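>>> here's my sequence, what's the structure:
(chains A and B)
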Amino acid sequence: MKKAMILLLASFMLLTACSSKTNDGAASSGSTDTKQADTSSKEVTVWAWDPNFNIKAMNLAKEAYQKDHPDAKVNVVEYAQADIIQKLNTGLTSGTDSGLPNIVLIEDYRAQSFLQAYPDSFYDMSSSIKAADFADYKIGPTSLDGKQYGVPFDSGVTGLYVRTDYLKQAGYTPDDLKNVDWDKFIEVGKAVKAKTGKDWLTLDPSDLGLVRVMIQGAGSWYLKEDGTTPNLAGNAALKDALQTYKKLMESNTVKIISDWSQFTGALNSGDVGSVPTGNWITASIKAEASQSGKWAVVPTPKLKNTPNAVNASNLGGSSWYVLNVPGKEAAAEFLAKTMGSNVDLYQKMNKEIGVIGTLKAASGGEAYKQADEFFGGQKAIQDFATWTTQIPKVNYGMHTYAIEDILAVALQNYLKGADLDSVLAEAQAQAESQVK
Amino acid sequence: MRGTAVGRSNRNQSRIIGWLFIIFAVFMIAAFYFYPMIQALLLSFKSGRGANLHFTGLANYKRLFTDSVFLTAVKNTFLFLIVQVPIMIVLAMFISVLLNDSKLRFKGFFRTAIFLPCVTSLVAYSVVFKYLFGADGLINLALLKMHLIASPIMWISDPFWAKITIIIAITWRWTGYNMIFYLSALQNIDQSIYEAARIDGASSIRQFRSITIPMLKPIILFTSITSTIGTLQLFDEIVNITKGGPGNATLSISQYIYNLSFKYTPDFGYAATVSYTIVAMIIVLSVIQFKAAGDK
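So this is what the prediction gives:
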């Protein structure tokens, strides 16, 4: 009986192992043969999300690499980000190599959680790339204990996109919004609403992205420098940010949305006069070609009552990681030669996809100096690249999303009229028990 | 006794053949149901980040009672349960009685129309509901145009209305499903019982109370148990319509399990603990329902 059981279990495992291999084969782009499971083969499998951005960028990297290494095989597989997170978590927990890619894209906010939860599962890239070649703020999330694991990819540098025509009607120019604080931003918003009847910006009450932008601009985060201690109660920047958020909510200039398509819908239809967010929104804004020349980008506003706040911040962004599975050397070599150093590749990615990389040398290239007619001739990419260097470096730590869910409840209570210090103290206590 | 040697070996042989027939299924169930269940139970006594799990005894179970996010999720789930399940059961019974009327025309059409929601994909209908109930969605537009409300209702971004939206959505999705059980049960009730009641002068309300409901009792029990289990496992609708927001106002227990495993830094041990609380709740609630319905 026992033997039969073991035999059966073993055959099941064999079955599943076989099927996962065929799955991989089916998912590959077809350019590869199905003998890829062979560890000696040099095929590099890459997982990423967003076919219009990350996947396209990776394919450009593949082309560039194959020019010099005609026999190199790179297999770029697209999954939704949530699927990648699930597959990585289950794959890494199970402790088997099979079914895992060689290279994976991970969002910076989550990077530490993977690096610390699965020690030795990621390949140390310290000898393949130079951390100093990349924007300073990207090094925090992509490294651990002095070892550089991630190859920093896109910059999530934020800007304030504004409708110049609406501003003009309200008697302002984009210059009036350059290097201002959020209070001034709200004041202009009220004037725009009064003159044009248009809302000033969209907000999604269950997404605290704007709060993240505000506090990173002030060099602060949900967690302390160590990346594990919650930093909510007594965090002056966070308090300032939440007060500003409440002011915004009460300014009667906010269009409430609940998802991405409503977000892009509002800005494409001209329902809102400004969009304070990451540069990755450029493509969505440009999708409405009829608005060409009506937009400008100015630096992100900063918190008024926090002394060290700057007019530059970050929202989102991700980096490439090599998994510690067979084929890691080839994968590391591929990444180092492309995303890790190839300035020409970054020019191409910028021109074709709009990627603003965090490789410092890339911003010296010609693509970054182009004037953009959509933004009224502004050298928008150049501006973003400049702001990227000014983003304060913070440690996102392991618990950004866990704490944000707790903070979202606190924010709701605060908006309903509760005392800010007490809701933050409560959130602090909750966060401490959650992340211990 | 008649137990000759031949007879015994025959019986043994047929027993072995019987086992051979079901052995594959038994192993499948053992390997894919019971083994993971036991592993999950063991996992629920461990804690840690990702792969670094270590044994912590009952710490996870203690943590449950101080975890306010978990308590919020339980509260929300029970709110959905207490409000939504009775509404849906009563509605399903009411509609099925209407549709069972022998004088009703286009019966097939109405049955199909009411049953149709439950063959739609959970994700697809959730997305449609999200747009219907958006701040400038169809529902708000209709209500505004009819002058029933002065300003749009924040169906998804207000903590109270978000709960209402979820309740409306799951009621729409599952009423037809339950109705089918009632319809089939109604058709099994002997018409002569009703005839006798009519001869005795029972009103239709009296007939419904004294004949229909008692005859439907096993089905009422069945549908309330399956609906209870379904509501305790609520996930797709919440994730797609409100993402648990605003501020955990619609967070369900299943979504919290997902968050603990995949959205936050994974703590599979604690997630397994939360999963086992659902098991415990389902058992307790089912026992209560059996007791309340008077079955042994």
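
>>> could you pull out the strands for the chain?
Answering for chain A, as no chain was given. A:44-48, A:74-78, A:103-107, A:143-144, A:147-148, A:150-152, A:158-163, A:201-203, A:254-256, A:274-278, A:295-298, A:318-322 (DSSP state E).

>>> actually, chain B is the one I wanted.
B:46-47, B:54-55.

>>> quick one: closest of those to chain A.
Nearest of those to chain A, taken as C-beta to the nearest C-beta: strand B:46-47 at 9.6 Å. From N, CA and C alone the C-beta is placed, and that goes for glycine too.

>>> point out the most buried one among the strands of chain B.
Across these, averaging neighbours per residue (mean count of other C-beta atoms under 10 Å in any protein chain shown) puts strand B:46-47 on top, at a mean of 21.

>>> is chain A contacted by that one?
No: Strand B:46-47 lies out of reach of chain A by C-beta under 8 Å from any C-beta of the partner chain, never closer than 9.6 Å.

>>> other residues contacting that strand?
Residues outside strand B:46-47 that contact it (C-beta atoms under 8 Å, 6 or more residues apart in numbering or on different chains): B:53-56, B:59-60, B:267, B:269-270.

>>> how close does the residue most central in space within chain B get to B:T171?
The residue lying closest to the centre of chain B (C-alpha atoms, centre = their mean) is B:G230, at 1.6 Å. Remark: distance between B:G230 and B:T171 (C-beta to C-beta, to the nearest Å) = 12 Å.

>>> same question, A:E366
Applying C-beta to C-beta to A:E366 and B:T171 gives a distance of 60 Å.

>>> the more surrounded of those two?
B:T171 (17 against 9; other C-beta atoms under 10 Å in any protein chain shown).

>>> from the stretch 101-250 of chain B, which residue is nearest to chain A?
B:G245 (2.9 Å).

>>> so what's that residue up against?
A:205-206, A:408, B:157, B:162.

>>> can you pick out the most distant pair from those?
A:A408 and B:A162 (12.7 Å; C-beta to C-beta).

>>> which residues do these two both contact?
Common neighbours of A:A408 and B:A162 (C-beta under 8 Å, 6+ apart) are B:245-246.

>>> looking at these two, which one has more neighbours?
Neighbour tally, A:A408 and B:A162, criterion other C-beta under 10 Å: the higher count belongs to B:A162, 28 against 22.

>>> the more buried one against B:W155, yeah?
Yes: counting by C-beta atoms under 8 Å, B:A162 does reach B:W155; the two are 7.1 Å apart.

>>> break chain B into its domains for me.
Here the domain assignment for chain B is B:5-43, B:67-293, based on automatic domain parsing.

>>> what residues of the shortest one count as buried?
Taking 16 or more other C-beta atoms under 10 Å in any protein chain shown as the basis for neighbour counts, the residues of domain B:5-43 that come out buried are B:27, B:40, B:43.

>>> picking that back up, got TSV for the contacts of strand B:46-47, with pLDDT and distance to A:G150 too?
Shown next, in TSV, are the contacts of strand B:46-47 (pLDDT from 0 to 100; distance: C-beta to C-beta, whole Å):
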residue	pLDDT	distance to A:G150
B:L53	84	25
B:H54	87	27
B:F55	90	32
B:T56	89	31
B:A59	88	33
B:N60	90	32
B:D267	88	23
B:G269	91	27
B:Y270	92	27
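
>>> pretty sure A:T202 is touching A:L267, no?
Yes: taking C-beta under 8 Å as the definition, A:T202 is a contact partner of A:L267 at 7.3 Å.

>>> circling back: from the contacts of B:G245, which has minimum pLDDT?
Within the contacts of B:G245, A:S206 has the lowest pLDDT, namely 79.

>>> tell me the phi and psi of the closest residue to it other than its chain neighbours?
Counting by C-beta to C-beta, 6 or more residues apart in numbering or on different chains, B:G245 is the residue found nearest to A:S206 once chain neighbours are left out, at 2.9 Å. For B:G245, the backbone dihedrals (degrees, to the nearest 10) come out as phi -90, psi -170.

>>> before we move on, what about A:H69?
Dihedral angles (degrees, to the nearest 10) for A:H69: phi -130, psi 80.

>>> that older thread, go through the contacts of B:G245 and name the one nearest B:T72.
Using C-beta to C-beta, the contacts of B:G245 come closest to B:T72 at A:A408, 11.5 Å.

>>> next, count neighbours for the closest residue in space to the closest one that isn't next to it in sequence.
For A:A408, ignoring the flanking residues on the chain, the nearest one in space by C-beta to C-beta, 6+ apart is B:G247 at 4.3 Å. A count of neighbours around B:G247, defined by other C-beta under 10 Å, yields 24.

>>> flag every residue of the stretch 201-350 of chain A that's near chain B.
A:204-206, A:255-259, A:262.

>>> which of these sit farthest apart?
Top of the distance list for these (C-beta to C-beta): A:S206 and A:K255, 15.1 Å.

>>> check contacts around residue 160.
Using chain A. Per C-beta under 8 Å, 6+ apart, neighbours of A:L160: A:177, A:185, A:274-276, A:297-301.

>>> switch to chain B, please.
Contacts of B:F160 by C-beta under 8 Å, 6+ apart are B:A249.

>>> measure A:L248 to A:I186 for me?
For A:L248, the distance to A:I186 - C-beta to C-beta - is 6 Å.

>>> nope, A:A429 is what I was after
31 Å.

>>> more crowded one of the two?
Shown here are A:A429 and A:I186; by other C-beta under 10 Å, A:I186 has more neighbours (20 against 16).

>>> what are the buried residues along stretch A:48-62?
A:48-49, A:53-62.

>>> closest to chain B among those?
Using C-beta to the nearest C-beta, the buried residues of stretch A:48-62 come closest to chain B at A:W49, 14.4 Å.

>>> looks like that closest one contacts A:Y79 (just checking).
Yes: using C-beta under 8 Å, A:W49 is in contact with A:Y79, at 6.1 Å.

>>> pretty sure A:Q86 contacts B:P266?
No: with contact defined as C-beta under 8 Å, A:Q86 does not reach B:P266; the gap is 9.8 Å.

>>> pick out whichever of the two has more residues nearby.
For the pair A:Q86 and B:P266, the greater number of neighbours falls to B:P266 (27 against 16), based on other C-beta under 10 Å.

>>> and the more buried one, what is it in contact with?
B:P266 touches A:89, A:93, A:113, A:117, B:49-50, B:260, counting by C-beta under 8 Å, 6+ apart.

>>> report pLDDT for the closest residue in space to A:V157 that isn't next to it in sequence.
Leaving aside its chain neighbours, A:V157 sits nearest to A:T388 (4.4 Å; criterion: C-beta to C-beta, 6+ apart). According to the prediction, A:T388 has pLDDT 91.

>>> now do the contacts for A:T388.
With C-beta under 8 Å, 6+ apart, A:T388 has these contacts: A:135, A:137, A:155, A:157, A:312, A:356, A:358, A:363.

>>> count the neighbours of A:V77 for me.
17.

>>> need the residues of the stretch 1-150 of chain B near chain A, please.
So the stretch 1-150 of chain B meets chain A at B:27, B:30-31, B:49-52, B:63, B:66-69, B:72, B:130, B:134-135 (C-beta under 8 Å from any C-beta).

>>> which one of those residues is nearest A:V151?
Out of the residues of the stretch 1-150 of chain B next to chain A, the member with the shortest distance to A:V151 (by C-beta to C-beta) is B:G50, at 21.6 Å.

>>> nearest residue to the closest one in space, please, no chain neighbours.
Nearest to B:G50 is A:A117, by C-beta to C-beta, 6+ apart, at 2.7 Å.

>>> what of B:I282?
B:I229 (5.5 Å).

>>> and the pLDDT for the one you found?
88.

>>> which of the contacts of strand B:46-47 ranks first by neighbour count?
B:Y270 (27 neighbours).

>>> skipping its backbone neighbours, what lies nearest that one in space?
B:N60 (5.1 Å).
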